[in-house]
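# Sequence first, predicted model second:
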Amino acid sequence: MTKYNTFLTVFIVSIIALIFFLVFYIQGIFELVYTIDDLKGDEPSPFLILNTLFNPAVLISAIILGISSLVYRVLGIVYVARNKTVNDGEKALWIIGFIIMGFITGIVFLIMAKGRKFVD
């Protein structure tokens, strides 16, 4: 598998994990609203709120999202830093971009990577 395909695969896994995280979290919020509505004015338990919002699906998707996001950022930084054709100022901008705005920089990197010979 080439470096480009590795970066692309990890980036797609990160996007899919983000979608699953958002879906499960919104579902948990709606479930919490319905549960509180069913209590008929009684105060909900803090454990009920935490168990509803942080169910296993939310936690697993958040962990996968965090790990895959970290991996594609590190891969992007390593690929740019090891490239001999990119000057030092541009390398610094790419590294800062991956650190601060990883998702947007990842998209730009995927578009420009093959043409600029960042990866094999």
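Thanks, I have the structure now. Bear in mind the structure is a predicted one, so any value in this text is a computation, not a measurement.
# and Q27, how far is that from A81?
Per C-beta to C-beta, to the nearest Å, Q27 is found 40 Å from A81. All C-beta spots, glycine's among them, are computed from the backbone N, C-alpha and C.
# L32 too?
From L32 to A81 the distance is 44 Å (C-beta to C-beta).
# try F21
29 Å.
# which one of these two has more residues nearby?
With neighbours defined as other C-beta atoms under 10 Å, F21 and A81 compare such that F21 has more, 20 against 12.
# Can you tell me what sits against stretch 60-72?
7, 10-11, 13-14, 17-18, 20-21, 24, 102-103, 106 (C-beta atoms under 8 Å, 6 or more residues apart in numbering).
# try 10 Å this time
Identification of contacts with stretch 60-72 by C-beta atoms under 10 Å, 6 or more residues apart in numbering yields 6-25, 54, 98, 102-103, 105-106, 109-110.
# From those residues, keep the buried residues only.
7-8, 10-11, 13-15, 17-18, 20-21, 24-25, 98, 102, 105-106, 109-110 (16 or more other C-beta atoms under 10 Å).
# Out of those residues, name the ones that lie in helices.
Among the buried ones among the contacts of stretch 60-72, DSSP state H puts 7-8, 10-11, 13-15, 17-18, 20-21, 24-25, 98, 102, 105-106, 109-110 in helices.
# give the contact list for I104.
97-98.
# What sits closest to V108 if chain neighbours are left out?
G97 (7.6 Å; C-beta to C-beta, 6 or more residues apart in numbering).
# Please apply the same query to V80.
Per C-beta to C-beta, 6+ apart, closest to V80 is W94, 4.3 Å.
# Buried ones in whichever helix or strand the one you found is part of, by neighbour count?
If you go by DSSP states H and E, W94 is part of helix 88-100. Buried residues in helix 88-100, counted by 16+ other C-beta under 10 Å: 94-95, 97-98.
# I am finished for the moment; much appreciated.
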